[in-house]
Structures are given as C-alpha cells and as structure tokens.
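Novice: What follows is a predicted protein model with its sequence.
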Amino acid sequence: MDLKLPTSTVENTPPNPFWRKMKYLSRTRGPTLSLSFLILLGMRILHGSASSSFEVVPTHSESHLVDSNSLPWATGATPISPSYAGLTTVRKTSEYEAKLFYWLFPCATDPSAPLVIWLQGGPLSSSMIGLFYESGPLRVRSKFKTKDLRRNETINDFLLSNNPASWHHHFNIVFLDQPAGTGYSFVDPPLPPQAKDGGETGETLVRRAVTLGCSSSGSCPTESSSSDPDYKSGYVTNESGVSRDFLSFLQQFYERYPSLKSVDLILSSESYGGKYVPAIATAITEHNSKAQGQAIPLKSLTIGNQWTHPYAQIATNIDQLLYFGLISTQQAANAAVLMKQAQEFIIQKDWRKALDRRTDMFNLLANYTGDVDWFDVRMKNSHRDETPMNHFLRCKETKKALHVPDKYRFGRDDGMFDIFMDDIMQSTKDLFPDLFKRYKVLLYQGNMDLRDGVVSNTAWLSALEWEGRAAFEAAPRQLWKSTQGELFGYVTEAGNLTRVVLLGCGHLVPADDGCPNASLEMMTRHTRSGTFI
C-alpha cells in the first residue's frame, strides 16, 4: 500500500481521495472488490482519526501500517499512530536475499517537516537503540527485573511509554536497521558461523551475486558479480556496500511514500555514523549527478561523537583517561605501546592487525580503570541495560505488529562482524571537504564521552584540510543557552559547518540520561534557516 501526504490538513481540504478511489473501483470492478473494500474500510475506521497527516493509498500488495492497538501501552501513555514498519529487499539473487527493516514515524505536527533517517553506529548496531533509548518516540520497560526475564516472554510482559523529547515532534523520522544482518534486517540464508581469525568453517562460503535497483513490487533482477568486493555471502564488506544498499532502500522507500521525496532529507547518526554518513552522502551526491528524474533532496548531515579518522582518534584516548585521573602515567605509557602499533598497522593498511591492537589497548585500559564506561564517565563501571528492548523485539507479537516474519530473530548474524572487520580502521575523513561545500553539516559531541568525544573529534578535524578551515578556526566559540537560561553547551559555526559541544552528555547525546531536550533543540536550530545561534 502506498502512502501520500494530503494536499491540506486544515480548512478547504479536498474530497478524500480514499473514498473517491473506492467509488471509482466499485464502478469498474463490481462485486469482486467487496472483500478488499471491507478490509480497507476497517483499516480506515481503525486508524482514521490518527491519520490526518498521512493517507494510505491501496497501490501495494502489503501494508506496512503498524497496528498500534496491538502494542502494550503503559497506563497513561499515548499510543502513537500512524507509524509504518516493514522490510525492503535491497538485493536478491538465486542464492540469497538481503532485506533492510525500517520504522517510520510521521511528524506529529507538520507533514512537510524534513525527513530524518537515523542510522545507528556500532558498527553493526540496530537503530532500534536510537528509537527506544535516544531520539525515538517510544520507551520500553519490562514488568520484571532484568534478572527475572524469561526466555519466552510475550508482548504483555512489557510496557511502552512516550518520550517527550522525541524528534518526531518536529521531523518525519525513520529508524533504519542497516547493514543487512543487523537488528531486524537480514540476509537469508544467514551466514554460517565464522572462525575467529576470519577463516571459513563448515560449508565453503560462496561469494554471492550482487544486484541493485530492486523495485517496490519486489522485482530484483539477478546480476552475476561473483568478484564484487562490496559483498561477501550476502553481507556488506565496506562503506561502498553500505551506500549501495542504502540507495536501493531509499529509492523504494520513496516509491512507497512518494510525498516524502518533496521534503528535505537529513542523514543522522552517531559513533560509527562518522563512517556511514559521509559515505552515503557521497553516494547520493554521485547518484544525483546522474539522475534522470527528481534528485534525492539531501540537505543536511548530523553526526554525534563520531568515529571517522582512526589514525588520529586512537591517539587521544590514553591522554583523555590520564587527564580524567583514571590511569597513571606508567599505565598510559604501557597503553601507548599498543596504540602506536595500531597506528603503524594503519599506515601499512593491515586493517585487522590495527583493529586487534586497538582492541588490546581498550582491554588494557578497561582493566586499569576498573571497566569505567567508555560512553559516559559518570556511569563509572555500570553500563546501559538494553535487555528489555532486545527481549521485547524478539516477541512473536511484536514481530507481527511490525511485519517481520517470526522466523527472524532480532539481533546480529554470526560471522557478520568478521566480514565487515576490514572497514573499521579505515578513514572517511577525506570525504568531508566536498560535503562541507554541498550540505549543512552538524558535528556534535557530549563532553562526558571517553571514546569518540570532544578531544577525539578535535583530533580528526585538525588533521583535515578544507577550503573553509581558516574561517572555521577563526570563528568565535559561542555560549548556547536554553530559553530558560540553562547552559546547554558551546557552538562554533562557519559556512556550512557547525560544531556543538553539549554539557553533561555522553556518547549517546539524545538518550534520557544524556541531553534529550538539548539534542531536540539542537536539531531544530540546525535545520532552520540562518545560523545556529
């Protein structure tokens, strides 16, 4: 089923196209329409009051409308409807099928608001983290303590509530699980378990054929491409594969929701999004340069606490821990040996050994600090518990409501990380100079992040040459306060680039224990015309 925005949601609204279309079909197709009409009529009655901004048009064989009444809302919570969720085939061959899962929440106040597509970092983390713990409209909790959670929970073992700082109050927002094999997105059949060193175990793995341009009707022509370096066994191996799958998804998304192609597009992410977003934005730029029809309306990039240029960024972690008082000078020296080895392997382009040394460095530092939380130093040695979300999304009833086949388990496919491992220590720094020319770019960091925070991002920006660098470095650093006078952070802006440092935030800036209100205001300020301050 297709979805369109109405021409008006206020006075002088034209006659409802739903009824006009049904009237026409009843004249041309007669009694054979009756069952379809009753089904659509039931959906219209059930969701009509909440669909004032969006209109479902029956042009697709399946509906991605989420049945909000089947979800377990807590007492006092406001059910969110409409929202739309489902799977989109991005690649299909005779040997495998790759699908990406999305969950769309239309803007609660303005259907013509920009479209934000949220990509979780990781790498290979589910964007449901962003939905349930950060910028999304939902929060989930279990009726039981984590230690009492059972293996076979039902949806009624959980409660959903509202996030008052949800970005969907000001934006249309999509949470996309990508790449395939992450969250609800999948490669079917999945990859057999991989040996730790990257060798294959069990059956010999065959490099799959790759295809792009799947249509919304489900037609995905097979292209023989056994030597394609972007994919292995149906999974992406690098940012090129990530970008190709994203473009395939986006083209079909616009076919299903055509009116959203007329609003500004914002790519938003954090952490490993410092790799995803510039790569995808570059691919969109190249696509638009060759597009025959309407171009993809990309306007802005927003990335929080990003991982972009490993060589420079891994050199900052040790000093940051030292100056926070978390390690001694001798411990810093011990860790620096591993850090320098990682840098040397980066120079040699031995990506796996570089990642191994970085991992060794982090493990050593975790031992020294008593496992202080990397993402928010204030959490000490406690860490965010995502167990309720994971269990809720594994419920059969949840998957049914979100149009996910029951056989697929929420999580991450075994062996997927091994296939993607070579991407992690490579840099996307050099993509930014061109992006700074074309799009508004917001780079933000929470000052309590030890992993990819303020110091880390200062390091990679200092290593970058771009036309506007002198103007950006000369720009004043301004105080950013709320309308009530609360100090939210500090802003530097010049040209298309805005950098924000948020006070009292960790790695996950929009999270409830971060800066939810400040992050929402940050997004609205960034997307308006004019300057941030």
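Specialist: Yes, it's here.
Novice: can you pull the contacts of His526?
Specialist: For His526, the contact set (C-beta atoms under 8 Å, 6 or more residues apart in numbering) comprises 300, 302, 440, 442, 498, 532. Glycine gets a C-beta too; all of them are placed from N, C-alpha and C.
Novice: cool, and Val441?
Specialist: 300-303, 432, 435, 496-498.
Novice: Give the rounded mean pLDDT of stretch 71-84.
Specialist: Here stretch 71-84 scores 95 as its mean pLDDT.
Novice: And stretch 329-341, by the same measure?
Specialist: 98.
Novice: Provide a list of residues in contact with the residue nearest the centre of the chain.
Specialist: Centroid check for the chain by C-alpha atoms, centre = their mean gives Leu119 as the closest residue, at 1.3 Å. Residues in contact with Leu119 (C-beta under 8 Å, 6+ apart) are 127, 176, 178, 267-269, 273, 276-277, 280.
Novice: Among the contacts of Val441, which lie within helices?
Specialist: Among the contacts of Val441, the ones falling in helices (DSSP state H) are 432, 435.
Novice: distance of the residue nearest to the centre of the chain from Leu260?
Specialist: Distance, Leu119 to Leu260, by C-beta to C-beta, to the nearest Å: 17 Å.
Novice: out of the contacts of Val441, who's nearest Tyr368?
Specialist: Distance to Tyr368, by C-beta to C-beta, is smallest for Ile303 among the contacts of Val441, at 29.5 Å.
Novice: do you know how far Gln252 is from Thr89?
Specialist: Using C-beta to C-beta, Gln252 is found at 8 Å from Thr89.
Novice: What of Ser300?
Specialist: Distance of Ser300 to Thr89, computed by C-beta to C-beta: 28 Å.
Novice: Okay, now the unreliable bits of this structure?
Specialist: The chain contains residues with pLDDT under 70 at 1-62, 145-152, 192-226.
Novice: where along the stretch 351-500 of the chain do the strands fall?
Specialist: Secondary structure of the stretch 351-500 of the chain (DSSP state E, counting those that start in this stretch): strands located at 411-412, 440-446, 478-481, 487-494, 497-502.
Novice: Including distance to Ala463, could those go into a markdown table?
Specialist: Putting the strands of the stretch 351-500 of the chain into a markdown table (distance: least, C-beta to C-beta, whole Å) gives the following:
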| stretch | distance to Ala463 |
| --- | --- |
| strand 411-412 | 31 |
| strand 440-446 | 14 |
| strand 478-481 | 24 |
| strand 487-494 | 17 |
| strand 497-502 | 15 |
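Novice: closest to Phe324 out of those strands?
Specialist: Ranking the strands of the stretch 351-500 of the chain by their distance to Phe324 (criterion: C-beta to C-beta) puts strand 440-446 first, at 14.1 Å.
Novice: which residue packs closest to Met416, ignoring adjacent ones?
Specialist: Spatial nearest neighbour of Met416, excluding adjacent residues (C-beta to C-beta, 6 or more residues apart in numbering): Gly181 at 4.3 Å.
Novice: That neighbour and Gln426, how far apart?
Specialist: Gly181 sits 20 Å away from Gln426, going by C-beta to C-beta.
Novice: Looking at those two, which one has more neighbours?
Specialist: Taking neighbours as other C-beta atoms under 10 Å, Gly181 and Gln426 compare with Gly181 leading, 26 against 17.
Novice: Next, the contact list for that one, please.
Specialist: Taking C-beta under 8 Å, 6+ apart as the test, what Gly181 contacts is 124, 187, 190-191, 235, 412-413, 416.
Novice: what separates the closest residue in space to Val500 that isn't next to it in sequence from Arg528, distance-wise?
Specialist: In space, and not counting its chain neighbours, Val500 is closest to Tyr444: 4.1 Å by C-beta to C-beta, 6+ apart. Separation of Tyr444 from Arg528 (C-beta to C-beta) stands at 16 Å.
Novice: With Asp406 instead?
Specialist: Counting by C-beta to C-beta, the gap from Asp406 to Arg528 is 43 Å.
Novice: List the buried residues in stretch 314-325.
Specialist: Buried positions in stretch 314-325, judged by neighbour count with 16 or more other C-beta atoms under 10 Å: 314-318, 320-322.
Novice: burial count for the closest residue to Gly506 other than its chain neighbours?
Specialist: Nearest non-adjacent residue to Gly506, counting by C-beta to C-beta, 6+ apart: Asp376, 2.9 Å away. Number of residues near Asp376 (other C-beta under 10 Å) recorded here: 25.
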